[in-house]
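Engineer: Need a 3D model of the sequence below.
(one chain, ligands or ions: 2)
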Amino acid sequence: MNLTRETVLNLAEHLENAELEAHDVLKITDDYPDMDWDDAYAIQEEIQRRKEARGNKTVGLKCGLTSFAKMKQMGVETPVFGFVSDYMARPDGGEIKTSELIHPKVEAEICIVTRSELRGPGCHVGAVMAATEFVLPAVEIIDSRYRDFKFDLKSVIADNTSASRFVVGGRARALDELDLRTLGVVLEKNGEVVTMAAGAAVLGHPLAAVAMLANHLGEREQAIPAGTFIMTGGVTEAIAVAAGDNVAVRFQDLGTVSMRFV
Ligand code: OOG
Ligand code: MG
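Structural biologist: Ligands and ions are numbered 1, 2, ... in the order given. I've put the predicted structure just below:
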């Protein structure tokens, strides 16, 4: 840790206010070039603590920058981890207000709910398979608080990996009914196919992202509890959306998740 506790608290407040008031800020590493990974996650943890103190429940964990398309789009090579809160959830087929957001983008994500605890180090895809209760589809709406969506890894970790809204689809399937590597995902905006991928785009297997998350938490002496909803990261590049756009993502074997931006 290179930042003082006071700076961590101030940066958490600064970034969370930008989220809640929907205005952009400059990336924090411009002013704090010496901040390290632990500082970045400490700022994110303080944002989580602030939300929980206000009564918002943490309802899931997210992996980000796990697909080659996303890494290429953002110019980074390392996955990042964050959380989602209850107030970020929107119903399938519902409306998403763009006035509450800065510059939203949508991502198609393969998600799981765990049935037993996962604890690193040494967590691997097999352990994640054994701990998976079911698989379900989701669309994440990311909204970096940084100007023009430009950031480096430490800045985006501190900003809770751009977490903003998410929509979970209604059809859950058992893992043994699916091949997550070949599971196809087609993203449509206003009735046109704009991008598509298969599950293997995420680190070769989406559950590898969950193993990385367990190992990341293990370094901090934390575990993924049983019953945790986990988003494994966008399978394609993120797609910018604006008021008036309709998005539908068709997941092979898992149904369609849709939403309208107003
Ligand atoms: C960071 C969050 C990325 C994903 O699924 O890759 C993410 C960003 O690109 O703003 O959630
Ligand atoms: Mg995402």
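Engineer: so which residue of the stretch 1-150 of the chain comes closest to ligand 1?
Structural biologist: In the stretch 1-150 of the chain, no residue comes nearer to ligand 1 than residue 64, which is 2.9 Å away by Cβ to the nearest ligand atom. C-beta here means a position set from N, CA and C on the backbone, and glycine is covered the same way.
Engineer: That residue contacts residue 70, correct?
Structural biologist: Yes. Residue 64 is within contact range of residue 70, at 7.3 Å (criterion: Cβ atoms under 8 Å).
Engineer: circling back to that earlier point, tell me the pLDDT at the residue of the stretch 1-150 of the chain closest to ligand 1?
Structural biologist: According to the per-residue confidence, residue 64 scores 97 in pLDDT.
Engineer: any idea how far residue 55 is from the residue nearest to it when sequence neighbours are not counted?
Structural biologist: Closest residue to residue 64 in three dimensions, ignoring its sequence neighbours and counting by Cβ to Cβ, 6 or more residues apart in numbering: residue 161, at 4.3 Å. Residue 161 sits 22 Å away from residue 55, taking Cβ to Cβ, to the nearest Å as the criterion.
Engineer: residues from the stretch 1-150 of the chain in reach of ligand 1?
Structural biologist: 62, 64, 65, 66, 70, 74, 107, 140, 142, 144 (Cβ under 6 Å from any ligand atom).
Engineer: and the second one, what does it touch?
Structural biologist: Right, the one you point to is residue 64. Residues in contact with residue 64, defined by Cβ atoms under 8 Å, 6 or more residues apart in numbering, are 70, 79, 80, 81, 82, 142, 156, 161, 162, 233, 234.
Engineer: and the residue of the stretch 1-150 of the chain found nearest ligand 2, what helix or strand is that in?
Structural biologist: When distances are taken as Cβ to the ion, the stretch 1-150 of the chain reaches nearest to ligand 2 at residue 140, 4.0 Å away. With the criterion set as DSSP states H and E, the secondary-structure element containing residue 140 is strand 132-142.
Engineer: Could you list the buried residues of that strand?
Structural biologist: Judged by neighbour count using 16 or more other Cβ atoms under 10 Å, the buried positions of strand 132-142 are 132, 133, 134, 135, 136, 137, 138, 139, 140, 141, 142.
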